[in-house]
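> Sequence first, then the predicted structure, then my questions.
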Number of protein chains: 2
Amino acid sequence: MTARTSTESSRDIPEATVARLPVYLRALTSLAEAGTSTCSSEALAAAAGVNSAKLRKDLSYLGSYGTRGVGYDVDYLRYQIAREIGVTQDWPVVIVGIGNLGHALANYSGFRSRGFRVVALLDADPARHGELVAGIEVRPFDDLERIVREHAVAIGVIATPAGSAQDVADRMVACGVGSILNFAATVLTVPAGVDVRKVDLSIELQILAYHEQRKAQGEPA
Amino acid sequence: MTARTSTESSRDIPEATVARLPVYLRALTSLAEAGTSTCSSEALAAAAGVNSAKLRKDLSYLGSYGTRGVGYDVDYLRYQIAREIGVTQDWPVVIVGIGNLGHALANYSGFRSRGFRVVALLDADPARHGELVAGIEVRPFDDLERIVREHAVAIGVIATPAGSAQDVADRMVACGVGSILNFAATVLTVPAGVDVRKVDLSIELQILAYHEQRKAQGEPA
DNA sequence: ACCGGTTTGTTCTCGCGTTCACAAACTCAT
DNA sequence: ATGAGTTTGTGAACGCGAGAACAAACCGGT
Ligand SMILES: NC(=O)c1ccc[n+]([C@@H]2O[C@H](COP(=O)([O-])OP(=O)(O)OC[C@H]3O[C@@H](n4cnc5c(N)ncnc54)[C@H](O)[C@@H]3O)[C@@H](O)[C@H]2O)c1
Ligand SMILES: NC(=O)c1ccc[n+]([C@@H]2O[C@H](COP(=O)([O-])OP(=O)(O)OC[C@H]3O[C@@H](n4cnc5c(N)ncnc54)[C@H](O)[C@@H]3O)[C@@H](O)[C@H]2O)c1
């Protein structure tokens, strides 16, 4: 989207590969916890649920971190992937909309362990202000600008109803948030240069429903 | 994956298109609620956040439901897409793991309105049994087989910790569940013919982090 | 009936992603 | 040192999806 002036070390990694790197990272963490210090592309691919050729090609975009005839050093590769993704330090994150879903997200421990730190929980409903969720106080939505500035927040999570999501996104973008994870069931419009990813439960279920329907209509003999 | 004996009317729709149909469905519902009875591919594409050529191509896989020079009848097209996806009737769904996330999912109203009906909430922890969540009683995980049989459940949702997810999936598959939506941060292994989709918050955030890092390292002049 | 304006459905081209297949490179035993 | 066995990294072929472009089809007015 944005014209990136390739300063130097900006090999660009295919988007499909970027989406798989976190999966590899998780698989490596899992292997490390199991005490494995070295693994082959075959073994790692199995743990990540992908084809080994694809895994090797993906890793080749980062550099040559393996040893032929041996495999990959688990800890070393893990660090390299974490560095490439950018999760060697924690990213500050704000969550907006502390309802059913927002509570679950705030309580999600995997957040912290995977490179993210919730710095604020915001909600428009005064009745929710002051409530402690996972040790963090729910604050007014209008605190957004101040918090984003103070903590240099680059990533925002939207868990409000669909009707408010665009407004929340606009406010986030206006004060410098560059990436948004949207749980609301609506299409967000943002300026070029801002990244949006969506998580939509209904869509996932409907995709499954489509395939189930196909299976069912083939069966009746 | 599975060899489908194409009986007759099985035009197969590209997977990328299948993933967008729910988005179109949502956009159409939105237009219908706003009182719009007819719309052009341009207008619908804008509402769905995609290219109009792509939208037309997607719809062409379903049939010719538009009128040249006019556009699409909103209600008619909506029904056709719903039928194609298979959400003209409700699909029964079980949710396993009623912790933070499971509670939010159970309380999610969009479930019902989009073609799904939660028929049971299951948890392995006896302390949770009997609790009412969104009017549904939490029951022992061992009731799975009986419930799946009684309600002809084809779709299961896993919201347990990662360590239990594979076991839960195995049990689901064993009693006939053909599609699984997995929220646990782990790769599930299932037999051919069973569909699995995953929703992973950490992966989404890490993808955003990667792009943020790229933006940041280009800026410092 | 005809014509200008509009919008769909489809063809064509291009680029990206997946997968195969294999040479290069490493280890270990002899 | 050499060779057998193993595993990585990558070149090349292939298939799918995105988007541009256009002909076919429809509407409304004259
Ligand atoms: N609950 C789920 O499992 C689930 C699943 C998928 C998608 N979603 C989507 O996630 C969103 C949240 O779902 P939920 O169940 O938590 O809803 P909810 O109604 O429980 O919570 C929404 C919260 O957002 C707050 N809010 C409303 N407008 C706001 C604004 N302008 N600024 C800040 N805060 C605002 C409300 O006060 C409320 O606390 C919805 O869009 C829903 O469709 C939820
Ligand atoms: N909370 C979130 O926002 C969030 C976000 C992303 C992913 N996740 C993932 O979703 C899963 C659930 O998260 P959570 O925060 O709700 O965890 P949680 O610990 O609050 O809930 C897990 C529930 O699963 C139940 N359970 C455990 N083993 C079971 C088994 N074998 N059969 C049936 N039930 C069992 C537990 O009793 C508990 O009630 C985790 O894997 C987590 O990584 C959660």
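Nice, I can see it. Just so we're clear, the structure is a prediction, and the values are computed from it rather than from any experiment. Numbering: from 1, shown residues only, chains lettered A, B, ... in the order given. Ligands and ions are numbered 1, 2, ... in the order given.
> quick one, longest strand in chain A?
With secondary structure taken from DSSP state E, chain A has its longest strand at strand A:116-123.
> now stretch A:193-201: mean pLDDT?
Mean per-residue pLDDT for stretch A:193-201: 97.
> to the chain's geometric centre, what's the distance from it?
Mean-position distance between stretch A:193-201 and its chain equals 10 Å (C-alpha atoms, centre = their mean, to the nearest Å).
> ditto for stretch A:143-156
Chain-centre distance of stretch A:143-156: 18 Å, with C-alpha atoms, centre = their mean.
> With just CA atoms, put it into PDB.
Only the C-alpha atoms of stretch A:143-156 are listed here, as PDB (Å, rounded to 0.1, in the frame of the first residue of the first chain):
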ATOM      1  CA  ASP A 143      -9.000   9.000  27.800                       C
ATOM      2  CA  LEU A 144      -7.900   7.400  24.500                       C
ATOM      3  CA  GLU A 145      -5.800  10.200  23.100                       C
ATOM      4  CA  ARG A 146      -3.900  10.700  26.400                       C
ATOM      5  CA  ILE A 147      -3.200   7.000  26.900                       C
ATOM      6  CA  VAL A 148      -2.100   6.500  23.300                       C
ATOM      7  CA  ARG A 149       0.300   9.400  23.600                       C
ATOM      8  CA  GLU A 150       1.700   8.500  27.000                       C
ATOM      9  CA  HIS A 151       2.300   4.800  26.200                       C
ATOM     10  CA  ALA A 152       3.100   5.200  22.500                       C
ATOM     11  CA  VAL A 153       0.300   2.800  21.600                       C
ATOM     12  CA  ALA A 154       0.400   1.500  18.000                       C
ATOM     13  CA  ILE A 155      -2.100  -1.300  18.200                       C
ATOM     14  CA  GLY A 156      -5.700  -1.000  19.200                       C
END
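> So for that stretch, what gets flagged as buried?
For stretch A:143-156, the buried set under the neighbour-count rule, 16 or more other C-beta atoms under 10 Å in any protein chain shown, comprises A:L144, A:I147, A:V148, A:V153, A:A154, A:I155, A:G156. For every residue, glycine as well, the C-beta is placed using N, CA and C.
> Mind telling me which residue of chain A is nearest ligand 1?
A:G99 (1.7 Å; C-beta to the nearest ligand atom).
> count of residues packed around that residue?
15 (other C-beta atoms under 10 Å in any protein chain shown).
> Look up phi and psi at the residue nearest to it when sequence neighbours are not counted.
Using C-beta to C-beta, 6 or more residues apart in numbering or on different chains and skipping the chain neighbours, the partner closest in space to A:G99 is A:A159 (6.8 Å). Backbone torsions for A:A159, taken as degrees, to the nearest 10, come to phi -130, psi 40.
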